[in-house]
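Peer 1: Fold the following.
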Amino acid sequence: MSAMIKARVAKVTTPIREYISPHWDKVSVQAQQRWQRLEAREQRVLQGLGVFLVVIIVWFAIWQPLQERTARAEARLAAEYSTQRYVEQQIARVLQARSASQSGAQAVTANQLSGLINTLSNNLDIEVTRMQPQNESLVLVFNEVEFNRLVEFLVRLAERQVMIEAVDVSETNEPGVVRVRRLQVRA
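Peer 2: Alright, predicted model coming up:
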């Protein structure tokens, strides 16, 4: 199979080589003649210029783009670490609220749950797109909500001993805003 590929490549490249070869030979001979007509000092200057051009090409074609990519990657990594720290802080806040709610906050009954959700969403300026009962739970959907308000909403639910059974959150194109596809809660 490789012999067949070599034959096809040779079939394509041979006419190209035959066309370029006389021209290349002519240009090469002319360049060598010009080079030999130059004085030794001029040859050294041109060699130095050639080395300088190679260094410039390596710098701008290889080194600088690598440095720029490295800087962008480091900036993205720092942003990811910042997001991770923020989420960890919010998790700690929710856990703290949950433990506080278990220590004596007034629990909500199943009948009061939808009223509590409406009150909290109005207080936090969150628009509940859909609220649907499912067995003993309520499933909530929010089109777009600021992440901080969502966390505050979850904290306040936890303070009232509302169990958060499932949360399905996705990002949006706007920074700091998320879409809650599904938030399942139970009293």
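Peer 1: can you tell me how far residue 10 sits from residue 121?
Peer 2: 74 Å (C-beta to C-beta, to the nearest Å). Yep, even glycine has a C-beta here, placed from its N, CA and C like the rest.
Peer 1: actually residue 16, not the one I typed
Peer 2: Taken as C-beta to C-beta, the span from residue 16 to residue 121 is 72 Å.
Peer 1: cool, and residue 83?
Peer 2: In terms of C-beta to C-beta, residue 83 sits 25 Å off from residue 121.
Peer 1: pLDDT score assigned to the most centrally placed residue in the chain?
Peer 2: Centroid check for the chain by C-alpha atoms, centre = their mean gives residue 76 as the closest residue, at 7.6 Å. At residue 76, the model reports a pLDDT of 94.
Peer 1: so it is in which element?
Peer 2: Using DSSP states H and E, residue 76 sits in helix 64-102.
Peer 1: Looking at residue 10 and residue 121, which one has more neighbours?
Peer 2: residue 121 (18 against 10; other C-beta atoms under 10 Å).
Peer 1: pretty sure the more buried one is touching residue 129, no?
Peer 2: No. Using C-beta atoms under 8 Å, residue 121 makes no contact with residue 129, being 10.5 Å away.
Peer 1: how about the strands of the chain, start to end?
Peer 2: 130-134, 137-146, 163-171, 177-186 (DSSP state E).
Peer 1: So which of these is nearest residue 107?
Peer 2: Closest to residue 107 of the strands of the chain is strand 163-171 (C-beta to C-beta; 10.5 Å).
Peer 1: Which strands and helices lie in contact with that closest one?
Peer 2: If contacts are counted by 3 or more C-beta pairs under 8 Å, 6 or more residues apart in numbering; DSSP states H and E, strand 163-171 sits against helix 147-159, strand 177-186.
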